[in-house]
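Peer 1: dropping the sequence and predicted coords here.
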Amino acid sequence: MGNTFVILKPIIDGLMKAFGMTSQLVEIEAGTTMHFWVPNNKLSNKPPVLFVHGFVANGIMTWLFQILSLTSDFAVFVPDLLFFGDSITTRSERSTTIQAEFLAKGMMKLGAEKFSLVGLSYGGMVGFKLAQMYPHMVESMVMSSTIIEMTESISNASLKNIGFTNWPDFLLPKTVSGVKVLLSIGSHKLPWLPQFFYKDFHEAMFSNRKEKVELLEALVVNDKDATIKTPNYSQRIFILCGDDDKIFNMTFSDDMKEKLGKNTTIQYIKNAGHLVQLERPCTYNHYLKKFLSFS
């Protein structure tokens with residue numbers, strides 16, 4: 001029997017095409033290529049929305065339920081961040097700054113110079129950085145299961161909550177049992193899944209391990225070196241989270257809302273964890289579309 005995710009890839013690719021999406025490799029600069037799922041008709045009048053995935057899975061696996069729900073009303077763009085999917089670079093920098101820079105350049109090359117941004121976890125941190133660097137491009141933001149920036153104090157508190165001492169051990173498990181722990185902590189209540197699912201997930205989702213470890217090492221910054229000490233975003237921001245996020249719990253989200261100020265609203269979805277968009281897709285999509293429709 002083949003790997004489940006390898007078997008599913010052409011099926012999901014076909015589904016994306018049926019919903020008006022096409023796969024595109026965008027050369028950002030010499031040595032750097034980013035993979036995007038983009039609308040077939042980039043010239044449509046639908047408002048563009050950029051979905052930025054978290055650290056474990058690529059864009060399509062993270063946002064599948066949202067893509068299927070939103071493509072009829074929005075021009076949906078779903079990239080793979082560097083070292084995920086088919087996105088690669090020969091550059092040595094591993095910060096969220098470089099991810100944000102290349103995302104912005106990719107969107108410009110695709111003709112989407114203004115858009116709303118939806119970010120999950122690591123993708124949310126990249127999104128905040130993009131909005132800071134290119135405020136004229138980002139019209140509004142929906143942030144889920146994330147923080148503004150991973151300072152040492154936040155990192156230490158979060159790792160303590162989940163019982164780990166570093167992020168690579170948690171986010172890049174070396175064993176099938178480690179995958180179970182990862183998905184269990186990421187969920188409110190992990191459904192029963194056959195053993196081969198975890199094995200196939202482990203084989204399919206953790207390529208480019210060396211580079212991903214470097215991404216995680218670059219993610220955590222000393223508190224005194226934090227680049228976003230006093231957030232001052234002009235965009236409307238909607239924090240949309242699960243009420244049982246074990247990684248960045250409600251204390252983190254409430255604190256972030258206070259720092260972001262009056263342009264920010266927050267909504268918790270009951271019985272959902274860190275992977276809120278997968279656990280409660282219907283409720284998540286309801287709030288997401290309601291916010292984006294008024295952006």
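Peer 2: Yep, it's here. Numbering: from 1, shown residues only.
Peer 1: so how far is stretch 7-21 from its chain's centroid?
Peer 2: Between the centre of stretch 7-21 and the centre of its chain there are 20 Å (Cα atoms, centre = their mean, to the nearest Å).
Peer 1: buried residues in it, which are they?
Peer 2: Buried residues in stretch 7-21, counted by 16 or more other Cβ atoms under 10 Å: 16, 19-21. The way it works is simple: take the backbone N, C-alpha and C, and place the C-beta from them, glycine included.
Peer 1: in this structure, which spans are strands?
Peer 2: Secondary structure of the chain (DSSP state E): strands at 21-29, 32-39, 48-52, 75-79, 88-89, 115-120, 138-144, 236-242, 264-269.
Peer 1: could I get those as CSV with mean pLDDT and distance to Lys199?
Peer 2: Formatted as CSV, these follow (pLDDT from 0 to 100; distance: least, Cβ to Cβ, whole Å):
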stretch, mean pLDDT, distance to Lys199
strand 21-29, 97, 27
strand 32-39, 98, 25
strand 48-52, 98, 28
strand 75-79, 98, 26
strand 88-89, 97, 26
strand 115-120, 99, 25
strand 138-144, 98, 28
strand 236-242, 98, 27
strand 264-269, 98, 30
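Peer 1: right, and the ones you listed - which one's nearest Lys105?
Peer 2: Comparing the strands of the chain by their distance to Lys105 (Cβ to Cβ), the top pick is strand 21-29, with 5.0 Å.
Peer 1: that closest one to strand 75-79, inter-axis angle?
Peer 2: Here strand 21-29 runs at an angle of 50 degrees relative to strand 75-79 (axes from the mean of the first three to the mean of the last three Cα atoms, to 10 degrees).
Peer 1: which strands or helices does strand 21-29 pack on?
Peer 2: helix 4-18, strand 32-39, helix 96-109 (3 or more Cβ pairs under 8 Å, 6 or more residues apart in numbering; DSSP states H and E).
Peer 1: for Glu27, the count of nearby residues, please.
Peer 2: Glu27: 12 surrounding residues under other Cβ atoms under 10 Å.
Peer 1: so what's it up against?
Peer 2: Thr33 (Cβ atoms under 8 Å, 6 or more residues apart in numbering).
Peer 1: same check on Leu70?
Peer 2: With Cβ under 8 Å, 6+ apart, Leu70 has these contacts: 49, 76, 285, 288-289, 292.
Peer 1: just the residues you listed now: which is nearest Phe128?
Peer 2: Val49 (16.5 Å).
Peer 1: just checking, that closest one touches Gly119?
Peer 2: No. Under the criterion of Cβ atoms under 8 Å, Val49 makes no contact with Gly119, lying 11.2 Å away.
Peer 1: related to what we said a few turns ago, next, format the strands of the chain as TSV and append distance to Thr227.
Peer 2: Output for those, formatted as TSV (distance: least, Cβ to Cβ, whole Å):
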stretch	distance to Thr227
strand 21-29	22
strand 32-39	22
strand 48-52	18
strand 75-79	22
strand 88-89	21
strand 115-120	17
strand 138-144	17
strand 236-242	18
strand 264-269	19
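Peer 1: quick one: which of those is nearest Pro173?
Peer 2: So among the strands of the chain, strand 115-120 is nearest, using Cβ to Cβ, at 19.0 Å.
Peer 1: and the angle for that closest one with strand 75-79?
Peer 2: Here the directions of strand 115-120 and strand 75-79 differ by 50 degrees (the same axes, to 10 degrees).
Peer 1: distance between strand 115-120 and the chain's centre?
Peer 2: So, by Cα atoms, centre = their mean, the centroid of strand 115-120 is 9 Å from its chain's centroid.
Peer 1: for that strand, name the packing helices and strands.
Peer 2: strand 48-52, helix 59-70, helix 122-133, strand 138-144.
Peer 1: now these in a markdown table, with distance to Pro168?
Peer 2: As requested, the helices and strands packed on strand 115-120 are exported to a markdown table (distance: least, Cβ to Cβ, whole Å):
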| stretch | distance to Pro168 |
| --- | --- |
| strand 48-52 | 21 |
| helix 59-70 | 19 |
| helix 122-133 | 13 |
| strand 138-144 | 23 |
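Peer 1: those: which one's closest to Arg94?
Peer 2: helix 122-133 (11.9 Å).
Peer 1: list of residues touching the closest one?
Peer 2: 51-55, 62, 81, 96-97, 99-101, 103-104, 117-119, 137-138, 141, 143-150, 219, 227-228, 231, 233, 235.
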